[in-house]
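Q: Here is my input; please provide its structure:
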Amino acid sequence: MKKYDDIVVGGGISGLTMALILGMNGHKVLLLEKNPHIGGSISRFYKKGIPFDTGFHFTGGLDRSGILHDILSVLGIRDLIQPIFLSEDNAHCFFLESENRLYEIPYGIENIKKKFKGYFPGEGSNIDRYFDKVRHVCAQTPSMNLRALGASLQHHLEEDFLSLEEVLNGLTGNNVLKALLSGFAMCYGVMPKEISFANHSRMSLNLYESVARIKNGGDALIRAFATKFKIYDIEIQCNKYIANLEDIQDKRVGRFILNTGDEISAVNCIFTIHPREILKILPEQHLSKAFISRVSSFESSAGFFSVFAVLDKEYYDPDFDSTIVSIFPHTDVNRMLDPVNTGASALVIMKSIEEERGKTYRTINTFEPSFFEHVETWKDTITGHRPQSYKDYKKEKVEKIIGRIVNTFPKYKDRIETIDSASVLTFRDYLNNPDGSAYGVKQKINQYNLLGKLPLRNLYAAGQSSVLPGIIGAMMSSFIVGRTILEKEKYNEFLNQNLCN
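A: As a prediction, this is how the structure comes out:
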């Protein structure tokens, strides 16, 4: 029976981060990944030789004062990736179809405020108050500052119990302004009436400060982690997962049985997978009814119907650059993120220039909020073996989405080629996600997601469903759990030493 200090379950960005933190602190680590390769949703895929991003397209926090810059610095991989910062003047663009108007949003909070005040001249004081509130929340949140993480514990703020919708309604009656300030809801997949203003602020701040892609996308991050793993005592085993927990004494697991029948012992096991998948593994006799009810009640965030396209190679667009364009049919962001919505929804378009094997591609990745309810008819089917009705559903969705893209960018008519598409079922099957949601469990007011110790004392939970959705939230959850597992003094020394390098 092989012995390890720690088992990390799940090879997505949170699992990679957790394994590296522990390995860098002298632990012998086993990383288990159910898929044939590590990376999860940050991995790229290739179709017709063209690279497309699956779930990681852009991020904030890579500027020198940003939290992601600090995270990658501590992990020793900052110099192994190359940020590509989007245009400071119009990194985010929102096209409001009901007004037939494009709103260009720069980054840098002072720049955004100036731009918004130009669009909404009578709302200057309300715009200032909004951004003051965002800054206040983030300044009071230790998990938004890696340099404060070792010394401070998270505590709840008043804004944790107020919805984004409540705060915006208290600031302004301008529906267009409220829609633009709610726009990043598409980056966490929760309605403004459900998300707390605090978590909206924590998610949005880094995207307000700067926006960047990474050259070669999430694959660059995966290669960077793999390079660092070779330095430390970190073993990766793919196509494997924990099937049973055995020898449970004094609420500690003694043996971990894998799907292959292998038996492993470890001091700790950290799950970075979906909470509902964790619940399937934990023996029910060791769980309280309250814990089971709590996890079972978690709702999923939005998923996406995705269209992956490319512009005609012969077509040259001198204005084509990496930008994010969100198309809103109207100003009701709640309706766009409601599973029962049958009307037009939002579209988020990510344009990027990709170099692959000496060729240049102008790719257009488009995402429309979608939910498991939309594809429940085919829930018992698997990728590659779905009926014609499902194929017809996808074909109709693709045609409508391409039509809206062309309506926003008329010059792309007859120039855009659809390379592939994916529903939430596709994401469910390829990523072992129970319902294909893009951001795991919803971050809702008065809901406490799984983070840290589980009912069995040497088991822990981390991941994007723990702290905040997205790459920064997922990675920060691993730093928070790492603080629990490692000795406090040693952990603080680890952070401080690597932040100074």
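
Q: show me where the stretch 151-300 of the chain has strands.
A: Secondary structure of the stretch 151-300 of the chain by DSSP state E, counting those that start in this stretch: the strands cover 212-214, 234-238, 242-246, 255-258, 263-271.

Q: The last one: partners in the sheet, and parallel or antiparallel?
A: Using DSSP bridges, the strands paired with strand 263-271 are strand 2-9 (parallel), strand 255-258 (antiparallel), strand 459-461 (parallel).

Q: Same check on the second one?
A: Within its sheet, and counting by DSSP bridges, strand 234-238 is paired with strand 29-33 (parallel).

Q: Need the residues that contact the strand it pairs with.
A: Contacts to strand 29-33, defined as Cβ atoms under 8 Å, 6 or more residues apart in numbering, come from residues 2, 4-11, 15-16, 19, 22-23, 38, 229, 232-242, 258, 264, 266. Glycine gets a C-beta too; all of them are placed from N, C-alpha and C.

Q: Only alpha carbons, please: show that strand as CSV.
A: The C-alpha trace of strand 29-33 is given here as CSV (Å, rounded to 0.1, in the frame of the first residue of the first chain):
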residue,chain,number,x,y,z
VAL,A,29,1.5,14.4,-2.8
LEU,A,30,-0.6,12.2,-5.1
LEU,A,31,-2.8,14.1,-7.5
LEU,A,32,-5.8,12.1,-8.9
GLU,A,33,-7.6,13.1,-12.0
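
Q: Which positions within the following helix or strand past that strand qualify as buried?
A: Counting by DSSP states H and E, the next helix or strand C-terminal to strand 29-33 is strand 44-47. Going by neighbour count (16 or more other Cβ atoms under 10 Å), the buried part of strand 44-47 is R44.

Q: Let me see the mean pLDDT of strand 44-47.
A: For strand 44-47, mean pLDDT is 95.

Q: coming back round to it: can I get the strands paired with strand 263-271 in a markdown table with mean neighbour count and distance to R276?
A: Converted to a markdown table, those look like this (neighbours: other Cβ atoms under 10 Å; distance: least, Cβ to Cβ, whole Å):
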| stretch | mean neighbour count | distance to R276 |
| --- | --- | --- |
| strand 2-9 | 21 | 14 |
| strand 255-258 | 18 | 19 |
| strand 459-461 | 24 | 12 |
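
Q: With mean pLDDT and distance to K133 as extra columns, can I get those in CSV?
A: Output for the strands paired with strand 263-271, formatted as CSV (pLDDT from 0 to 100; distance: least, Cβ to Cβ, whole Å):
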stretch, mean pLDDT, distance to K133
strand 2-9, 97, 37
strand 255-258, 98, 45
strand 459-461, 97, 30
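
Q: quick one: which of these is nearest E104?
A: strand 459-461 (40.2 Å; Cβ to Cβ).

Q: hmm, back to that, for the strands of the stretch 151-300 of the chain, give me TSV that also has distance to G170.
A: Output for those, formatted as TSV (distance: least, Cβ to Cβ, whole Å):
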stretch	distance to G170
strand 212-214	33
strand 234-238	49
strand 242-246	47
strand 255-258	50
strand 263-271	39
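
Q: Quick one: closest of the ones you listed to R415.
A: strand 212-214 (22.4 Å).

Q: hmm, back to that, can you flag the buried ones in the contacts of strand 29-33?
A: Buried among the contacts of strand 29-33 (16+ other Cβ under 10 Å): 4-11, 15-16, 19, 22-23, 38, 229, 232, 234, 236-237, 240-242, 258, 264, 266.

Q: Can I take it that F367 is in a strand?
A: Yes: assignment of F367 by DSSP: H, G, I helix; E, B strand; the rest coil places it within a strand.

Q: Isn't it up against A309?
A: No: the pair F367 / A309 is not scored as a contact, 11.9 Å apart, by Cβ atoms under 8 Å.

Q: Now do the longest helix belonging to the chain: which elements does it pack against?
A: In terms of residue count, the longest helix belonging to the chain (DSSP state H) is helix 388-408. If you count contacts as 3 or more Cβ pairs under 8 Å, 6 or more residues apart in numbering; DSSP states H and E, helix 388-408 packs onto strand 303-311, strand 324-328, strand 347-356, strand 359-370, strand 416-422.

Q: So for the third one, what gets flagged as buried?
A: Counting neighbours by 16+ other Cβ under 10 Å, one finds that the buried residues in strand 347-356 are 347-352, 354.
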